[in-house]
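1. Predicted structure and sequence below. I'll ask about it afterward.
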Protein chains: 2
Amino acid sequence: MSANRGVLLYDVLRQVRPLVLNSARVVEQDLAADGLTVGMRAVLEVLADNGPATVPAIGERLDLARQGIQRHVNDLSERGLVETRDNPAHRRSVLIGLTAAGAARFERIRRDELGRLDRMAGECTADEIATAVKVLRSLNRDVRSRAGGDR
Amino acid sequence: MSANRGVLLYDVLRQVRPLVLNSARVVEQDLAADGLTVGMRAVLEVLADNGPATVPAIGERLDLARQGIQRHVNDLSERGLVETRDNPAHRRSVLIGLTAAGAARFERIRRDELGRLDRMAGECTADEIATAVKVLRSLNRDVRSRAGGDR
């Protein structure tokens, strides 16, 4: 019974890798029409969900290196989707925030994505999907703690 | 209600990316002692689960390019964990198979991993985890079909 949990959790992990790869490909295809990349979209999302943030803070949320984030921020800034703002807390570390155009763009992107997602996994109920989210959150917490913690 | 499903599936997708990154880090740390990489481990797993296969077939299972797989195969071969075998179906395309040492090594790696996994997500029941696997499989199928299919 105990071994069963380990095997089931292993099944979860085996599913997530191809899911990440293929969903990135789908999102990439859909974003290409907008001239955006998956990385740029991820930064827009952090800012839309959490408000203005510094580059290191965005990197921490995305588990990505600061250099990559800075590049996405530069690309988004050239397109008028994000802007830098003074940081009241740290004079040397500016905040990155969405422009009105950036907020509107991300809202549309997300609406389109949710519409497409809504038609997937049709044989699963909302309750089942909610259970999957619970399991993934819990596993994420423990895996993340082990990745950063007790080596 | 319908929108709810889309939002929940989106929550699933948001959980899987950090899970892949962090679980790869954990596996990486654990494999380092063995002098193996995550990519080499993935190839061992395909061969352990499905028997001997050609390099392109391994790549298809892992959603990875043939060149990367060939490199992992070379590295594993140097360590005596895989070997090439004649392919009865295609003379020019050899099969890659586990050696006895490779089979034993992967068995130990997997046993260790399952033991560690078994102690994670402790607040989730086996039924909940099985539901998560069902949802992920279903979502994977639809996302994969969209990634490769209707562009």
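-> Received, thanks.
2. wouldn't A:D142 be in contact with B:D118 here?
-> No: A:D142 lies out of contact with B:D118 (C-beta atoms under 8 Å); the separation is 11.1 Å. C-beta coordinates here come from the backbone N, C-alpha and C atoms, glycine included.
3. Against chain B, how distant is A:V12?
-> A:V12 is 6 Å from chain B, where distance means C-beta to the nearest C-beta, to the nearest Å.
4. Need the pLDDT of the residue nearest to A:T37 when sequence neighbours are not counted.
-> In space, and not counting its chain neighbours, A:T37 is closest to A:L31: 6.5 Å by C-beta to C-beta, 6 or more residues apart in numbering or on different chains. Per-residue pLDDT puts A:L31 at 92.
5. quick one, what contacts A:L31?
-> The contact partners of A:L31, taken as C-beta atoms under 8 Å, 6 or more residues apart in numbering or on different chains, are A:37-38, A:40-41, A:109.
6. Can you name the next helix or strand after the helix or strand containing it?
-> Assessed by DSSP states H and E, A:L31 sits inside helix A:2-32. Using DSSP H and E, the next helix or strand after helix A:2-32 towards the C-terminus is helix A:38-50.
7. what's that next one packed up against?
-> On a contact count with 3 or more C-beta pairs under 8 Å, 6 or more residues apart in numbering or on different chains; DSSP states H and E, helix A:38-50 meets helix A:2-32, helix A:55-62, helix A:66-78, strand A:82-85, strand A:95-98, helix A:100-118.
8. buried ones in that helix?
-> Within helix A:38-50, the residues scored as buried using 16 or more other C-beta atoms under 10 Å in any protein chain shown are A:38-48.
9. how about the nearest residue to the spatially most central residue of chain A, chain neighbours excluded?
-> Residue closest to the mean C-alpha point of chain A, counted by C-alpha atoms, centre = their mean, is A:A42 at 4.8 Å. The shortest distance from A:A42 to any non-neighbouring residue, by C-beta to C-beta, 6+ apart, is to A:L62 (5.5 Å).
10. got a list of what the one you found touches?
-> A:42-43, A:46, A:69.
11. Chain B: which of those residues is nearest?
-> A:A42 (8.5 Å; C-beta to the nearest C-beta).
12. Give me the angle between the one helix or strand in chain A whose mean pLDDT sits lowest and helix B:100-118.
-> Here the helix or strand of chain A ranked lowest by mean pLDDT, DSSP states H and E is helix A:2-32, holding a mean of 88. Per axes from the mean of the first three to the mean of the last three C-alpha atoms, to 10 degrees, the angle that helix A:2-32 makes with helix B:100-118 is 90 degrees.
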